[in-house]
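S.K.: got a structure for you, letters missing:
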């Protein structure tokens with residue numbers, strides 16, 4: 001059984017995002033080390049701040065000695081990288097990184113991406129095990145005007161797309177990228193912040209695309225304490241764990257209750273030996 005946590009940690013640089021960044025990341029580190037030490041792989045989104053990355057590495061490296069954080073430069077001089085990160089108790093055999101080609105608005109300044117790991121087991125199972133995480137395009141329309149201005153100079157084929165069209169395009173890119181890295185005869189786990197509500201019509205597109213590559217939503221509504229992954233909102237499950245084998249996931253409310261992020265985590269238990 002592989003135990004996976006995915007969490008948008010809301011560690012944007014100043015002046016963006018929610019406040020108390022360093023206090024929150026310390027709380028996160030303590031919860032993961034002292035209260036919830038049983039995960040095999042941690043998948044983070046919005047881990048942008050350098051100091052936040054350093055703090056998590058310092059606090060978690062004994063329990064999670066294998067980690068990958070994004071230190072690449074962002075777009076332009078004020079941009080950011082993908083904000084993605086993995087911390088793992090299991091050795092990492094290979095790393096895959098794919099930057100989405102379709103983006104616009106505020107994403108002109110970031111490198112929204114898909115990352116993947118191939119895990120290395122001492123007694124490696126017959127099938128290879130891959131874990132992916134991603135952060136899909138946020139909505140268009142509420143960002144500052146400067147973000148829209150950069151659409152005029154962007155070379156992205158998505159610069160004139162609507163939010164829905166952009167997300168659909170990134171989903172298509174994601175599916176091709178997952179298949180490219182994982183190939184056949186493998187177990188695949190895909191996690192992240194998809195910015196798509198499970199109650200929306202776009203979720204049908206997301207679900208169908210995932211099903212087409214053999215992945216299924218693992219959420220167990222009856223076992224989960226709530227059905228949202230965004231703190232303070234109802235019916236807004238936008239963070240997911242998908243897999244192609246037997247597995248289940250529930251929302252972990254502790255991350256919101258402790259004030260760690262504006263997202264709750266999603267905890268998955270995946271039967272990789274099935």
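M.R.: That came in fine, so what should we check first? Just so we're clear, the structure is a prediction, and the values are computed from it rather than from any experiment.

S.K.: bridging residues for residue 134?
M.R.: Beta-bridge pairing of residue 134, defined through DSSP bridges, involves residue 114, residue 192.

S.K.: got a list of contacts for stretch 194-214?
M.R.: The set of residues that contact stretch 194-214 without belonging to it, under CB atoms under 8 Å, 6 or more residues apart in numbering, is 134-139, 164, 167-168, 171-172, 174-175, 178-179, 188, 190, 216-217, 219, 227, 235-240, 242, 244. Any C-beta I mention is one placed from the backbone N, CA and C, and that applies to glycine too.

S.K.: Next, the buried residues of that stretch.
M.R.: Of the residues in stretch 194-214, 194-198, 202-203, 205-207, 210, 213 count as buried by neighbour count, 16 or more other CB atoms under 10 Å.

S.K.: Please state the offset of that stretch from the chain centre?
M.R.: Taking CA atoms, centre = their mean, to the nearest Å, one finds stretch 194-214 lying 15 Å from the centre of the chain it belongs to.

S.K.: wait, is residue 211 part of a strand?
M.R.: No - remark: residue 211 does not belong to a strand; assigned using DSSP: H, G, I helix; E, B strand; the rest coil, it is helix.

S.K.: Local confidence estimate at it?
M.R.: Among the per-residue scores, residue 211 shows a pLDDT of 96.

S.K.: How about the one 10 residues further on?
M.R.: As predicted, residue 221 sits at a pLDDT of 93.

S.K.: try residue 256
M.R.: With respect to pLDDT, residue 256 scores 93.

S.K.: Centre of the chain to stretch 188-202, how far?
M.R.: Mean-position distance between stretch 188-202 and its chain equals 10 Å (CA atoms, centre = their mean).

S.K.: I should have written stretch 260-271 there, sorry.
M.R.: With CA atoms, centre = their mean as the basis, stretch 260-271 stands 10 Å off its chain's centre.

S.K.: buried ones in it?
M.R.: Judged by neighbour count (16+ other CB under 10 Å), stretch 260-271 contains these buried residues: 260-270.

S.K.: low-scoring pLDDT stretches of this structure, where are they?
M.R.: For the chain, residues meeting the criterion pLDDT under 70 lie at 14-17, 76-79, 122-127, 140-147, 274.
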